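> okay, here's the prediction I keep looking at, along with the sequence it came from:
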Amino acid sequence: MLTEVAQAIMKGYEQSIRFKSELTGGLYFQQAPQDVLTPYGVFYITGGSRDEIMGTANSAVLEVSIQFNLFDDSDDGGETIALLTDLLCQTYDWQPMFVTGFHHVKMQPEGLLPITFTDGFWQGGATYSLGIQKQ
């Protein structure tokens, strides 16, 4: 299931013309390449849970926690990261996610990460809860 979730997130990125064009270094699952250009993003699956309301174990709603981190080394006081965070939210907040083998329930925004400047990079991002159910 984790592979399918990662593929669905990448598909959302690929289909978002503006977010993809502004995030010129790309979006990566778990780790960016060593020589990546900025700005770029990395997303992680940080956890998950099951909610078995009724029916069988297969009808459980799975909640997958996802964190996006954005990085940029521009000398702009964090403006680029603020823009990218906004575009990230436009791309994923409550948008349908097509996870192979699962019905989409929700792509719920959980929170924004603070914009910080660490080791020469502006950083920001957001967290989400993806709700899916086996088909």
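Thanks, I have it. Numbers count the residues shown, from 1 in each chain.
> which other residues reach the longest strand along the chain?
For the chain, the strand reaching the highest residue count under DSSP state E is reported as strand 102-118. Contact with strand 102-118 is made by 1, 4, 61-62, 65, 67, 69, 78, 81-82, 85, 89, 92-98, 122-135, as judged by CB atoms under 8 Å, 6 or more residues apart in numbering. In this view, the C-beta of every residue, glycine as well, is placed from N, C-alpha and C.
> filter these down to the buried ones.
Taking 16 or more other CB atoms under 10 Å as the criterion, what is buried in these is 61-62, 67, 69, 78, 81-82, 85, 89, 92, 97, 122-133.
> go ahead and confirm residue 74 touches residue 122.
Yes: assessed by CB atoms under 8 Å, residue 74 is found in contact with residue 122 at 6.9 Å.
> overlap of the contact sets of the two?
residue 80.
> what part of the protein, helix or strand, is modelled with the least confidence?
strand 40-51 (a mean of 91; mean pLDDT, DSSP states H and E).
> off-centre distance for that strand?
The chain centre lies 8 Å from the centre of strand 40-51; the measure is CA atoms, centre = their mean, to the nearest Å.
> list the neighbouring strands of the helix or strand following it plus their orientation.
Sequence order places strand 61-72 as the next helix or strand after strand 40-51, per DSSP states H and E. In the sheet, strand 61-72 lines up against strand 40-51 (antiparallel), strand 121-134 (antiparallel) (DSSP bridges).
> so for residue 30, which of the ones you listed sits nearest?
Residue 30 sits nearest to strand 40-51 of all the strands paired with strand 61-72, at 6.2 Å, using CB to CB.
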